[in-house]
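Q: Using only what follows, build the 3D model:
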Amino acid sequence: MGSSKISPESTAKSAAEELVKDTLKSPSTANFIDTEVIGKKDELFMVKVTVDAQNSFGAMIRGCFLVVVEVNASKPNRYSYSPDFAVQEVSNPPTDREIIVVKLLNNWNSS
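A: Next up, the predicted model:
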């Protein structure tokens, strides 16, 4: 039994859920339905997060978000993100156009 190693993908998924939670009106009511990596380029991960949570009126609603985080392969328990653009609410499922916009906002295509 060796020591468990944290993968960059699991860090990206956990980080995405935390970042989405920070955007919700009632984060304590968050019930994450699905969290999956839908894209990866170098150390950037695009994660789709689907969550049910209460809105400001107390009604449970489902939201879908695209989150871009950068996870350093040599320190997979650490991540960074753009505070302005990392989390974007999108359609469920996200459209190709929404994915392209989120990539552009997060410098996905830069070297």
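Q: Just the local confidence number for Asn72, please.
A: On the pLDDT scale, Asn72 is placed at 88.
Q: Leu44 is in contact with that one, correct?
A: No - if you go by Cβ atoms under 8 Å, Asn72 and Leu44 don't touch, sitting 11.1 Å apart. The way it works is simple: take the backbone N, C-alpha and C, and place the C-beta from them, glycine included.
Q: who's more crowded, those two?
A: Neighbours per residue (other Cβ atoms under 10 Å) separate Asn72 from Leu44, with Leu44 holding more: 18 against 13.
Q: dump the residue contacts of the residue lying closest to that one once chain neighbours are set aside.
A: Leaving aside its sequence neighbours, Leu44 sits nearest to Glu70 (Cβ to Cβ, 6 or more residues apart in numbering; 5.4 Å). Applying Cβ atoms under 8 Å, 6 or more residues apart in numbering, we find Glu70 in contact with Glu43, Leu44, Phe45, Tyr79, Ser80, Tyr81.
Q: neighbour-wise, which of those residues leads?
A: Phe45 (24 neighbours).
Q: Can you pull the phi/psi pair for that one?
A: Backbone torsions for Phe45, taken as degrees, to the nearest 10, come to phi -120, psi 130.
Q: And the one 5 residues further on, by the same measure?
A: Backbone torsions of Thr50, given as degrees, to the nearest 10, read phi -110, psi 130.
Q: Please identify which of the contacts of Glu70 is nearest to Asp22.
A: When those are compared for distance to Asp22 (Cβ to Cβ), Tyr81 comes out closest, at 10.8 Å.
Q: any idea how far the residue lying closest to that closest one once chain neighbours are set aside is from Glu89?
A: Spatial nearest neighbour of Tyr81, chain neighbours left out: Val69 (4.8 Å); criterion: Cβ to Cβ, 6+ apart. Note on Val69: its distance to Glu89, by Cβ to Cβ, to the nearest Å, is 16 Å.
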